[in-house]
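1. Output the structure for:
(chains A, B and C)
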Amino acid sequence: MNRRLLPLFLLLAAMAVAPAVLPPFQVTLLNYIGLYSLVALGLVLLTGIGGMTSFGQAAFVGIGAYATAVLTTQYGLSPWLGLLAGLAITLAVATCLGLLTLRLAGHYLPIGTLAWGLALFYLFGNLPGLGGFGGLQDLPSISLFGWQISGAAQFSPLLGVILAVTLWLLGNLLDSRQGRAIRTLKDAAGMAEAMGIPTGRSRLQVFLVAALLAALSGWLYAHLQRVVNPTPFSVVMGIEYLFMIVLGGVASLWGALLGAALLTLLKQVLQDLLPHLFGQAGNFEMIFFGVLIILVLQYARGGLLPLIQAALPQTRRRAAVPGEAAALPRRNMPAHGQPLLVADGLVKRFGGLVANKDMGLAINSGEITALIGPNGAGKSTLFNLLSGVLAPNAGQISFLGQRIDGLAPRAIARLGVSRTFQHVRLLPEMSVLENVALGAHMRGNAGLLRSMLHLERAEEASLLAEAARQIERVGLGEFLHTPAGSLALGQQRIVEIARALCSDPILLLLDEPAAGLRYGEKQALARLLEQLRGEGLGVLLVEHDMEFVMGLSDQIVVMEFGQRLASGTPLEIQENPAVLAAYLGGVE
Amino acid sequence: MTRLLDVRNLSISHGKVEAVRNLDLHLDEGQIVSLIGPNGAGKTTLMAALIGLLPCRGEIHYASQPLLPHHGVAQRIDKGMALVPESRELFGLMSIEDNLRLGAFSRHRQGHRDHQQTLDEVFALFPRMHERRDQAACTLSGGERQMLAIGRALMAKPRLLMLDEPSLGLAPRVIGEIFEIFKTLRQRGVSILLVEQNARAALKISDYGYVLETGDIVLQGAAADLAQNPRVVESYLGRKPATPEPPRATGT
Amino acid sequence: MDFSILAFLGQDGLTTGAIYALVALALVLVFSVTRTILVFQGDFVTYSALTLATLQLGLLPGTLWLLLGLSLMACAFDGAIALRHGHYRRLPGLALRYLVLPAALWLILGNLDLAALPGLLQIVVTLALVTPLGPLLYRLVYQRVAQTSVLSLLIISVAVHIALVGISLWLFGAEGVRTRSLADTTFMLGDLPVSLQSLLVIACALGLIGLLYAFFGHSLYGKALRATALNRNGAQLVGIPTQLAGQSAFGLAAFIGAVSGVLIGPLTTLYYDSGFLISLKGFVAAIFGGLASYPIAAASAFFVGVLESFANFGASAFKEVIVFTLVIPVLLWLSLKHPHVEEQH
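-> I've put the predicted structure just below:
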């Protein structure tokens, strides 16, 4: 714990001492770095970790700045009320914009942020009462318990405190259940939904946090400069914020500060240097930054901080496995041999293609059912129908008597159905423990605020203890703190199963769990599945590896051309002439 | 008979998986060679590596020249290799004729201008394509798409035609039609490397066969012999248990 | 507002709309082939106008140095790769490909009285200077990262734009320019005054669009570009090298940009940083077409041009706000149509 707090105290100390040590111009520069860092921190959370690229953060800075400017100059209110107003307006505007743009797919999202970033910028310049492009002047300074914070030297300690607190809060957030959920937003949203994580809500929360941080920066800026005009809130500045995190470390909190510092200092140096070199006045540092960003994106995609960290001796931060932790409540498992999932008459069409036609199967508890069939038979489609990724055009699916066809993956997961993926979807940089803990997301309920304030430690301890228990159960106990990406594929597949087990499921849906595994790994997997079957779980396997399937399953269902071709015990299937023909093929 | 394709010790890693391990494969000019095996055996990965889409370790010799990593896809096609992938990869919104003409792109770049003649030959082989030559490729049925994909590959007048699961998604009668065309092509001097799940159809027209199982060749031989070999069935459906299975315990 | 003002604004709007249409077309072309959003298309336009203006003043345009610099860099990189593989014999061919044009232009331009050149020749030189910048930028900046996500490519494009603006400031200074008009006469169509200049711009734009249409529809290379846009894998498998497609797309975009610059030069004053707004307007039009449909993009561009003309007249301060806010519902609709989930492994 102390290891995390030490850098924060150092930062605070540095910002407090700097005005006494540095010349005034550099103190101002330091303040600007601090202000930019606040926005950059939000952007790291939003873009670097959450995967939502935003060009429009400068607009939120503008809202924070203008709100306080209007309230303090035209209504004579205290800057603190200006802050409250700024944050409130930002919350409202960001919620609207977030609801609209966050559902945009892929690259439409940053284009959307560009659109409202531009729109807001032009609003700043044109709304009556905001002073047009000249802006508003003579803002008062902030006073804190009678202490007037005017002048750059007094601003630094305040900024230091705010930055340190922000880093602490965000660090807490990333270290918690919510933080794990946020990390899935970038590349693994589908997996997150299957684990019960409400990705839409998570996205909006991250967006709001980033917007509020930007607004805070705007408020500070307004009372530092004491003049507000639209120029610093343009899309050009929005692009610069993005450049900062690309430079510093796109997914790292301290990288945000590094990037802000680098960009600001370099800009300063180049603005002095380049006009001499070029023999004329002008903003030539842009050329340098453009080329620098291109080089970074070509050769150091993660930013400079990870490069620096890689060069230094590695000290892995481990999520500590708690000794004492309350056990999480568990579901009542049904008796062996009970029907768990019954599908009947399923039809799924994609345009003119009928992928599943009158398809049905039954999975019981304490049994392993395998779904096999030649390529193109419709197994993936059926799997997606069962797990909620697709909704059937006709037919029904029931789980423990309740209709689940058409339900979202999250709802199905909550009922006790858990799944793995054909292409392993782990977060490679996170430890095995944290990856598996994702599976237990639904068994906790700490919200954003509690996570930031580190008030959910007891629940977190229970979740991590549960994850550790599942990892031991599947036999990977020695890899608790290893980054998931460094394990062999066979082990990664077993980690996925541990993660699925972490949600306390009744039924496991496994999508080609043996694909790409070596012989020994397949043996280990088979033993694990037999063990789980013995404990009463129901298992559905989609598989191609016949050797694996025949020795393991209680029931095999064979599909061909979207329909059920045969079902029965392994021996029955192996001797079924229709199955043989389906697999080895025939020719007329 | 000249050895057209000589693959030795080929290993291909796909992400974390070693999809193909130390594979040896040979094809003589004028032969049809089949690579059969169940799904997940590594067949598609092998095709991708041969045409240059995936990096690999080992040696590939084509027409006695080594194929090195820096020989990109375009260069291998210029040398006379062609691949019809599992996913066909047609230009859906373009007409059949445009799709076919684009097949001649590499020859066009090399300076040949006899595309009209080649086009007529392809149309002769696939009369249905000629009928629908102005229709968009995405309006075709599965079998017609397969024919278009093959026709497009033929426009490059390849010496070695590689096909990845040509029977996928096709009705048995159409499979028969297309596989007959492979025999016609062999008569015209095109060597064919066929990767297939449909073992029977493939072995019926091939000269030689390899059985691939999770990245390793487990069996090879003259196609006629393989067609009778029960080991091939085991590749697809697993080994049968030696003794009948005891009833499974379902108690706690 | 009487009819003549309407007509005037309409004409004005259509003229600028024609330019935006060309920008939008270039954007759709490059995006569909390379998944890059060409943020700096507008910079090709400004570079072209500034180059032409410099020529008309009788001075050597700085664009030549940019062209030389980029050509040398690209030649060096390709040369290094050839050496690493031991292909020494390729080096002369590389030097030829990259250096002949810039060197020739250097020699020619250094020794001629530029102000005395006939207007048409000045335009040709401008096109020759600006068009190669496209493929060179592709080779130097994008070829290496052709497989990355659309977002990374977008950020790279922004970075290139920023660098180009800085270079433009260096090469051309901060003053605005206007090139000589291509035609000065105005004739009457009934009661309507019609400027020949405007007609020329619209005609040239339509002509270029027609040429592109013919190229894509009837030439094999054009079809190959279309094919790459439709299906990258399929294009590879027919032997279309991805580098060729990328460089061609960028080359075409730069050519379109260069022509646009020549056309717009006489109409408005352009500065070293005017490129951004031009790109933006064309971009909005391209978005309306989903970054995929040429006709809708072109039509939207004309609409944007006319809207801008009328809004300028009405001194509406909120015209930009309206236009940009309109983008969002369009994006939402597009998103619903193509809900692809970019899950990278």
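
2. ok, for residue 226, nearest residue in space, not its chain neighbours?
-> The chain I'm using is chain A. Residue nearest to A:R226 in three dimensions, not counting chain neighbours: A:L139, with 4.3 Å by Cβ to Cβ, 6 or more residues apart in numbering or on different chains. Backbone N, C-alpha and C define where each C-beta goes, glycine included.

3. oops, chain C please
-> C:R226's closest residue in space is C:F216 (Cβ to Cβ, 6+ apart), at 5.3 Å.

4. Check for me that the one you found belongs to a strand.
-> No - assigned with DSSP: H, G, I helix; E, B strand; the rest coil, C:F216 falls outside any strand and is helix.

5. Which stretches in the stretch 351-500 of chain A count as helices?
-> A:379-387, A:409-415, A:432-437, A:448-452, A:457-473, A:489-501 (DSSP state H, counting those that start in this stretch).

6. same deal with the stretch 51-200 of chain B?
-> So, for the stretch 51-200 of chain B - with DSSP H, counting those that start in this stretch - the helices run B:73-78, B:96-103, B:105-109, B:115-125, B:127-131, B:142-154, B:172-187, B:199-205.

7. I'd like these laid out as JSON lines, including distance to chain C, mean pLDDT and mean neighbour count.
-> Formatted as JSON lines, these follow (distance: least, Cβ to the nearest Cβ, whole Å; pLDDT from 0 to 100; neighbours: other Cβ atoms under 10 Å in any protein chain shown):
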{"stretch": "helix B:73-78", "distance to chain C": "4", "mean pLDDT": "92", "mean neighbour count": "21"}
{"stretch": "helix B:96-103", "distance to chain C": "5", "mean pLDDT": "94", "mean neighbour count": "25"}
{"stretch": "helix B:105-109", "distance to chain C": "3", "mean pLDDT": "93", "mean neighbour count": "22"}
{"stretch": "helix B:115-125", "distance to chain C": "8", "mean pLDDT": "93", "mean neighbour count": "15"}
{"stretch": "helix B:127-131", "distance to chain C": "16", "mean pLDDT": "89", "mean neighbour count": "15"}
{"stretch": "helix B:142-154", "distance to chain C": "7", "mean pLDDT": "91", "mean neighbour count": "23"}
{"stretch": "helix B:172-187", "distance to chain C": "18", "mean pLDDT": "89", "mean neighbour count": "16"}
{"stretch": "helix B:199-205", "distance to chain C": "21", "mean pLDDT": "89", "mean neighbour count": "24"}
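
8. Columns distance to A:Q470 on top of those, output as JSON lines?
-> Shown next, in JSON lines, are these (distance: least, Cβ to Cβ, whole Å):
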{"stretch": "helix B:73-78", "distance to A:Q470": "45"}
{"stretch": "helix B:96-103", "distance to A:Q470": "52"}
{"stretch": "helix B:105-109", "distance to A:Q470": "54"}
{"stretch": "helix B:115-125", "distance to A:Q470": "58"}
{"stretch": "helix B:127-131", "distance to A:Q470": "56"}
{"stretch": "helix B:142-154", "distance to A:Q470": "44"}
{"stretch": "helix B:172-187", "distance to A:Q470": "47"}
{"stretch": "helix B:199-205", "distance to A:Q470": "41"}
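
9. Of all these, which one is nearest A:Y122?
-> Closest approach to A:Y122 among the helices of the stretch 51-200 of chain B is made by helix B:96-103 (44.9 Å; Cβ to Cβ).

10. Just the element for residue 164, please.
-> Just going to use chain A. Counting by DSSP states H and E, the element that carries A:A164 is helix A:152-174.

11. actually it's chain C I care about, not the one you picked
-> helix C:150-172.

12. For that helix, C-alpha coordinates in PDB please.
-> The C-alpha coordinates for helix C:150-172 follow below in PDB (Å, rounded to 0.1, in the frame of the first residue of the first chain):
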ATOM      1  CA  VAL C 150      -8.700   2.700 -38.000                       C
ATOM      2  CA  LEU C 151      -8.300   4.800 -34.900                       C
ATOM      3  CA  SER C 152      -4.500   4.600 -35.000                       C
ATOM      4  CA  LEU C 153      -4.600   5.500 -38.700                       C
ATOM      5  CA  LEU C 154      -6.800   8.500 -37.900                       C
ATOM      6  CA  ILE C 155      -4.400   9.800 -35.200                       C
ATOM      7  CA  ILE C 156      -1.500   9.300 -37.600                       C
ATOM      8  CA  SER C 157      -3.400  11.300 -40.200                       C
ATOM      9  CA  VAL C 158      -4.000  14.100 -37.700                       C
ATOM     10  CA  ALA C 159      -0.300  14.100 -37.000                       C
ATOM     11  CA  VAL C 160       0.600  14.300 -40.700                       C
ATOM     12  CA  HIS C 161      -1.800  17.100 -41.100                       C
ATOM     13  CA  ILE C 162      -0.200  19.100 -38.300                       C
ATOM     14  CA  ALA C 163       3.200  18.500 -39.700                       C
ATOM     15  CA  LEU C 164       2.100  19.600 -43.200                       C
ATOM     16  CA  VAL C 165       0.500  22.800 -41.800                       C
ATOM     17  CA  GLY C 166       3.800  23.600 -40.100                       C
ATOM     18  CA  ILE C 167       5.800  22.900 -43.300                       C
ATOM     19  CA  SER C 168       3.400  25.000 -45.300                       C
ATOM     20  CA  LEU C 169       4.000  27.900 -42.900                       C
ATOM     21  CA  TRP C 170       7.700  27.500 -43.400                       C
ATOM     22  CA  LEU C 171       7.600  27.100 -47.200                       C
ATOM     23  CA  PHE C 172       4.900  29.700 -48.000                       C
END
